[in-house]
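Undergrad: Return atomic coordinates for the entry below.
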Amino acid sequence: MKIFFIFLLITTITFAQNSVMVFQNNSDYMHRAIYDLLTKNIFLYSHFKIIETKENNNYNQVKSKIKELSAKNNSDISILYNIKTFGDGFLLNYIIYNNSNRWYENEYYFRETNMFNAVNKVLDDFYKMNNVNISRDNYIKEDEYISLIGYYSDIMSNDNIYNLFYSFHKDNIYFNMDYLEYLFVNNGNANDLISDILKTIDKKNHYYFYVLGIKYYNDYKVNVIYDDIEKSILNYEEAIKLKPNSYLYNEKLAKAYLLKNDYDNALKYYENAIVLSDNNTSLIKEVLGILNRDFNKNANKIIEYLNEIISIDNNDDEAIEELAKLYESIGDYENAYLYYNKLMDAINYHLYIINNEKPNASLYDKYTAKKNRTQTKIKSIENRMK
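TA: Okay, the predicted model is just below:
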């Protein structure tokens, strides 16, 4: 195998890094595979928090403004990659950039069947650049990658991917990480499943405890044995001790406490998860569900969180409507009027998308009806303000 080096500039990193963002490119299964394997391996075997990206990214465009984009997304380290055909194989170009302006750029030639070596090259450079000690046993193995080629090919277009590949990949952690909860809920041989997953993970790894947390959580939901929810909580807490910057682990612990009706601890870990996920609005809405149990006590906090959702997505009609109704219920008609008008703007935005970009008859009917109700409500508020 021939390795091509463009240039290398490494300066010793003297401060702790916390987060990493891999610019996603889903143009084909190889790009999807690299993103998936890189982010999962870094999540499993390092202290880094993964900043999720969903959109496709153009390599040259991102390369020219990687510093700006890294800062915008609060990323300490960013990884950018691209694959192109080269001779009878492929060429992987990649950049590793950190927010103190240190830059590493390289390219690596590979054949399709040994793309895992290309992924491992990026991982090796990433770990060395950031002084992370990792056993070679924890890099991507040939049998793990080869068995997933079909999975990554079909995941681009097939919604039934779990049923197609479970029997082949039930012991492949890079597959199971996508379907862990689904596997527990829908598999009659849960104990065998646990054995398949845990045999590939060191018992000191945070993910080991996370798997057990999910196991006992689902056991409790089926059997309602109090000891199971306690075990679930203990294992989630161990996972968080080892990887405290995982919003997922904090969210799962919050759900476990919620199942136990321990609302104070549920709220605590949901709020941790919100901070760690950079204000995921779905998590904020789950917190609102808890706070609304005692509206009089939590009214100010509810208003704060609703405004936070709207600041993240000013077209979130559910949050805007809830805030408008809240102000109306306490007699603050000026703010109610303001937010009902913002609701009209959000409704018109959604109708525009439906009419011009994503036709959907049921959503059209929903937003048309909501628009009529909101117009009536605005007129009613206007009369009250006279």
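Undergrad: need the helices for the stretch 1-150 of the chain, in chain order.
TA: Using DSSP state H, counting those that start in this stretch, the helices of the stretch 1-150 of the chain run over 29-45, 59-64, 66-72, 115-129, 142-146, 149-154.
Undergrad: Need the ones you listed in TSV (columns: distance to residue 305 and mean neighbour count).
TA: Every C-beta, even on glycine, is put in place using the N, C-alpha and C of the backbone. Shown next, in TSV, are the helices of the stretch 1-150 of the chain (distance: least, C-beta to C-beta, whole Å; neighbours: other C-beta atoms under 10 Å):
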stretch	distance to residue 305	mean neighbour count
helix 29-45	28	21
helix 59-64	33	14
helix 66-72	24	15
helix 115-129	36	20
helix 142-146	41	15
helix 149-154	38	18
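Undergrad: Turn those into JSON lines, including distance to residue 102 and mean pLDDT.
TA: Conversion of those to JSON lines gives the following (distance: least, C-beta to C-beta, whole Å; pLDDT from 0 to 100):
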{"stretch": "helix 29-45", "distance to residue 102": "18", "mean pLDDT": "92"}
{"stretch": "helix 59-64", "distance to residue 102": "15", "mean pLDDT": "88"}
{"stretch": "helix 66-72", "distance to residue 102": "11", "mean pLDDT": "89"}
{"stretch": "helix 115-129", "distance to residue 102": "8", "mean pLDDT": "94"}
{"stretch": "helix 142-146", "distance to residue 102": "29", "mean pLDDT": "86"}
{"stretch": "helix 149-154", "distance to residue 102": "31", "mean pLDDT": "77"}
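Undergrad: out of these, nearest to residue 21?
TA: With distances scored as C-beta to C-beta, the stretch of those nearest to residue 21 is helix 66-72 (6.9 Å).
Undergrad: how about the CA coordinates for the closest one, as PDB?
TA: What follows is helix 66-72, C-alpha atoms only, in PDB (Å, rounded to 0.1, in the frame of the first residue of the first chain):
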ATOM      1  CA  ILE A  66     -13.000  25.400   8.800                       C
ATOM      2  CA  LYS A  67     -11.800  27.800  11.500                       C
ATOM      3  CA  GLU A  68     -15.000  29.800  11.300                       C
ATOM      4  CA  LEU A  69     -17.200  26.700  11.300                       C
ATOM      5  CA  SER A  70     -15.400  25.100  14.200                       C
ATOM      6  CA  ALA A  71     -15.800  28.200  16.300                       C
ATOM      7  CA  LYS A  72     -19.400  28.600  15.300                       C
END
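Undergrad: residues in contact with that helix?
TA: Outside helix 66-72, the residues that touch it by C-beta atoms under 8 Å, 6 or more residues apart in numbering are 21, 23, 62, 75, 77-78, 80, 95, 97, 99, 101.
Undergrad: Tell me how this structure divides into domains.
TA: Annotated domains of the chain cover 3-157, 201-278, 280-386 [automatic domain parsing].
Undergrad: Confidence-wise, which of those domains is weakest overall?
TA: Among the domains of the chain, domain 3-157 carries the lowest mean pLDDT, at a mean of 83.
Undergrad: Compute the distance from the centre of that one to the centre of its chain.
TA: 17 Å (C-alpha atoms, centre = their mean, to the nearest Å).
Undergrad: helix, strand or coil for the closest residue to residue 184 other than its chain neighbours?
TA: In this structure, residue 184 finds its nearest non-sequential neighbour in residue 218, 4.6 Å apart by C-beta to C-beta, 6 or more residues apart in numbering. Here residue 218 is recorded as helix under DSSP: H, G, I helix; E, B strand; the rest coil.
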